[in-house]
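J.: the sequence and its predicted three-dimensional model are supplied below.
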Amino acid sequence: MEVSREIVLPGDLLSTNPRTAGENTYVEGNKVYARVLGLLDKTETTVRVIPLKGRYVPSVGDTVIGIVREVSSNGWIVDILSPYVAFLPTSENPNVRPNKKPNEILDIGDTVIAKVMNIDPKMRVTLTMKDKLCRAIRIGRIVLINPTRVPRVIGKKGSMIKLLKSELDVQIIVGQNGLIWVNGDRRKVSIAEEAIYIIEREAHTEGLTDRIAEFVKRRKVEMGFETEEKIPEVPEERLR
Amino acid sequence: MNDILMEVRKDYVLSKLREGERIDGRSFDEMRSIEIKTGIIGKAEGSAYVKLGNTQVVVGVKMQIGEPFPDTPDQGIIITNAELVPLASPTFEPGPPDENAIELARVVDRGIRHSEAVDLKRLCVEEGEKVWMVFIDIWALDDDGNLMDASALAAIAALLNTTVPAERFEVGNDFPLPVRDLPIAVTSLVYGDWIMVDPCRDELSVGRNTITITTDQSDNVVSIQKSGPFLLSERAFEGVLDLSIRKAREVRGLLAEI
Amino acid sequence: MELIVDGKRLDGRGFDELRPIKIEAGILNRADGSCYLEMGGNKVVAAVYGPREVHPKHLEDPSKAIIRYRYSMASFSVEERKRPGPDRRSIEISKVSREALEPVIMKELFPRSSIDIFVEVLQADAGSRTACLNAASVALIDAGVPMKGIVTSVAVAKVEGFLVLDPMKDEDYYGEADVPFAFLIRNGKIESITLLQMDGRLTVDELKSALELAKRGAMKIYKLQRDAILKRYVGEEVIE
């Protein structure tokens, strides 16, 4: 059951118990205040603010989708739509072959799915592609949303993303930085895209999962999905 | 290299503050020694040199005839500019005035303008056609902090020293520029609850966070400028107000002697 | 010119009355945060970009974000066409405005990045710098930038011996003094002064009264700033 929450603004007083201070709050003079525009999530033990806006700041372990900006002999500089540009070393790209130049593997403008491997104290971000999910993207569609809505696209225990995948039979990989890759039958991908935008817009409303399920079913009927044009799912091995 | 030195200085200033002291032994409401010399630039219509501690500034006043502004056809015009020339500090770069130079000139200008120190109506030559333009040019020579107060003081001293060059422009006899008030700027560094009057450059390493209050000889406030990204408490503001009036009176006394 | 007639100002306002204010958040698509604001005849647009990569790179600060503020007046914003480009007044206003917001923004959270605030005055009518700061404050919240609280700005003038709030054009021009203020407001309480300048002549007592009058005006504007943000986010995205 989703609960509707109060919107708070920077400087709003959230609690007088500094020990409960959670994400996106700050403590001053024994009081806990909100530091960003967001939704208040208050429990007995913690007080935090779920941000409604804000640029993506990478964390180690995040899956991200980025665009290659520069190629060098030892790796690629990748734009992950963050104040911090990321670097993918050649040593972290399993597709590297001795007879191939780096720009033949990934060139400027290419899109990749990667994981954040390391962030140093000066916020220099290093990526890796040594993970099942990681790949260069040559097919399918990229949807861009407000990164603060990504948790809602995934849903509690992945419920939302599972719903979309099963109802539409599409592949979906969600980047924490707000880029989402969708692949499958063209018309189903477009339904998935519409659904994602609705989720982004109504992220914090009640009953969203049910509404999305209904929306998807309705659109499938509208688009007349009796016979499905089956686009083969790209097998993991073929991508490497 | 510079950054490391600033950090070291900042730590030193703070450690002294924690003991309730300033690094040069001054009390918190004490200004550095002041030296004023006027008439040092023969070619200018008026000039003054001020040394405030180790900070040094020269102000030259040049005058010429020009057209009045359309909405004040019977008034002279004052134009104030400041040049923070590279020789005055390793941090000053050559080029047009940056935001600091612009701010300094505009604050000095406001003090002179709103105290009505110069009777602009007496600078009219032909109403609607010709008035006197007074160019106040501030030239920094040595920045050891608080160029603002040094410049404001040098500006009013230079104006007191100015002779209107009517003969050279063939509009009558030369006469002393009519100065009828003595605006004095007092700048204080604010750090937390601490207020330090007339900060030197090393003290400013804790943050370029100052408030400048300019008052006229009747103790009216004729300009205020909070400068620097800091939070100013009401209490600090009221403290600075009272302090600035006191200090301005002291400095004004020095002008009487020149 | 008589500015006070029968105890009322030329536009009919009482001494402690603000001009009509209209605030809309999130009106620009490309910017991370934005705000359109009208205050009397002032019409201003504020946009926030960031935190983002610093250009040029040598301005980067390894320990915190750099804050940049650009106040600019459109050529058509004033009676006599203004040549485009920064003049000395705009440069000074940009500086003090930046300094009014900087201590409130949590810069240390975003090392090596910049937060850029741009404000354009489309129509000017006395107090444009205060209108711009109010808009910039809302734009920063809309961008999800972490801050200690909200910055609110208003000016007080002395007109024919009386202190009046939020001066209009003639009061600004013919009055004896003009004092623009900005405050950090947190949880509905004015915490400190972040912008303070004065043009004109006042006694110390008048200054102290001007401060009190400004604080009362600022609280009213603060509420309008909050309303503008809430209006933008409630409804579509959040159920109150």
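T.: Looks like it arrived, so ask away. Residues are numbered from 1 along each chain as shown, chains lettered A, B, ... in the order given.
J.: interface residues of chain A facing chain C?
T.: Residues of chain A lying near chain C by Cβ under 8 Å from any Cβ of the partner chain: A:4-7, A:9-13, A:24, A:26, A:28, A:33, A:35-39, A:51-55, A:57, A:83-85, A:122-123, A:148, A:201-206. Any C-beta I mention is one placed from the backbone N, CA and C, and that applies to glycine too.
J.: which of these are buried?
T.: A:5, A:7, A:9-12, A:24, A:26, A:33, A:35-39, A:51-55, A:57, A:83-85, A:123, A:148, A:202-205 (16 or more other Cβ atoms under 10 Å in any protein chain shown).
J.: list the buried residues in stretch B:18-31.
T.: Per 16+ other Cβ under 10 Å, stretch B:18-31 contains these buried residues: B:R22, B:I23, B:R26, B:D29, B:M31.
J.: and what of stretch A:89-101?
T.: Quick answer for stretch A:89-101 (16+ other Cβ under 10 Å): A:P89, A:T90, A:E92, A:N93, A:N95, A:V96.
J.: want to throw those into CSV with pLDDT, distance to A:R186 and secondary structure?
T.: Listed next are the buried residues of stretch A:89-101 as CSV, based on pLDDT from 0 to 100; distance: Cβ to Cβ, whole Å; DSSP: H, G, I helix; E, B strand; the rest coil:
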residue, pLDDT, distance to A:R186, secondary structure
A:P89, 96, 35, strand
A:T90, 94, 34, helix
A:E92, 95, 33, helix
A:N93, 94, 29, coil
A:N95, 90, 27, coil
A:V96, 89, 32, coil
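J.: can you report how many residues lie near B:V58?
T.: Neighbour count of B:V58, defined by other Cβ atoms under 10 Å in any protein chain shown: 21.
J.: helices and strands of chain C: which one has the lowest mean pLDDT?
T.: Least confident helix or strand, chain C: strand C:4-5 with a mean of 86, by mean pLDDT, DSSP states H and E.
J.: I misspoke; the intended subject was chain A.
T.: Per mean pLDDT, DSSP H and E, bottom of the list for chain A is helix A:102-105, a mean of 90.
J.: what's the next helix or strand after that helix packed up against?
T.: Counting by DSSP states H and E, the next helix or strand C-terminal to helix A:102-105 is strand A:111-119. The helices and strands touching strand A:111-119, judged by 3 or more Cβ pairs under 8 Å, 6 or more residues apart in numbering or on different chains; DSSP states H and E, are strand A:63-72, strand A:86-89, strand A:125-128, strand A:135-137.
J.: let me know the helix or strand that C:P111 is in.
T.: With DSSP H and E as the test, C:P111 turns up in no helix or strand.
J.: actually C:L230, not the one I typed
T.: Here C:L230 is assigned to helix C:204-233, by DSSP H and E.
J.: list the buried ones in stretch C:184-193?
T.: So for stretch C:184-193, counting by 16+ other Cβ under 10 Å, buried means C:L184, C:I185, C:R186, C:N187, C:I190, C:E191, C:S192, C:I193.
J.: please name the nearest non-neighbouring residue to B:D216.
T.: B:S115 (3.9 Å; Cβ to Cβ, 6 or more residues apart in numbering or on different chains).
J.: contacts only, for the one you found.
T.: B:D181, B:L182, B:P183, B:T214, B:D216, B:Q217, B:N220, B:V222, C:R201 (Cβ atoms under 8 Å, 6 or more residues apart in numbering or on different chains).
J.: which among these gets closest to C:P51?
T.: Each of those was checked against C:P51 using Cβ to Cβ; the closest is B:T214, at 37.6 Å.
J.: tell me the bridge partners for the residue in chain A positioned nearest to chain B.
T.: Of all residues in chain A, the one sitting closest to chain B is A:E28 (11.7 Å; Cβ to the nearest Cβ). Bridge pairing for A:E28 (DSSP bridges) gives the partners A:K31.
J.: on that earlier part again, so which of the buried residues of stretch C:184-193 are also by chain A?
T.: C:L184, C:I185, C:R186, C:N187.
J.: torsion angles phi and psi at the last one?
T.: Okay, so that is C:N187. Torsion angles at C:N187 (phi, psi; degrees, to the nearest 10) stand at phi 50, psi 40.
J.: before we move on, back to that, which one in the ones next to chain A among the buried residues of stretch C:184-193 is the model shakiest on?
T.: Lowest in pLDDT among these is C:N187, which has 94.
J.: phi and psi next, for the closest residue in space to it that isn't next to it in sequence.
T.: Nearest non-adjacent residue to C:N187, counting by Cβ to Cβ, 6+ apart: A:L13, 4.2 Å away. Per-residue torsions, A:L13: phi -80, psi 130 (degrees, to the nearest 10).
J.: separation between A:L13 and C:F162?
T.: A:L13 is 36 Å from C:F162, where distance means Cβ to Cβ, to the nearest Å.
J.: biggest helix in chain B by residues?
T.: Longest helix in chain B by number of residues, with DSSP state H as the criterion: helix B:234-256.
J.: may I see the buried residues of that one?
T.: Those would be B:234, B:236-237, B:239-241, B:243-245, B:247-248, B:251-252, B:255, for helix B:234-256 by 16+ other Cβ under 10 Å.
J.: show me what it is packed against.
T.: Against helix B:234-256 (3+ Cβ pairs under 8 Å, 6+ apart) you get strand B:34-38, helix B:147-160, strand B:184-191, strand B:194-197, strand B:210-215, strand C:189-202, helix C:204-233.
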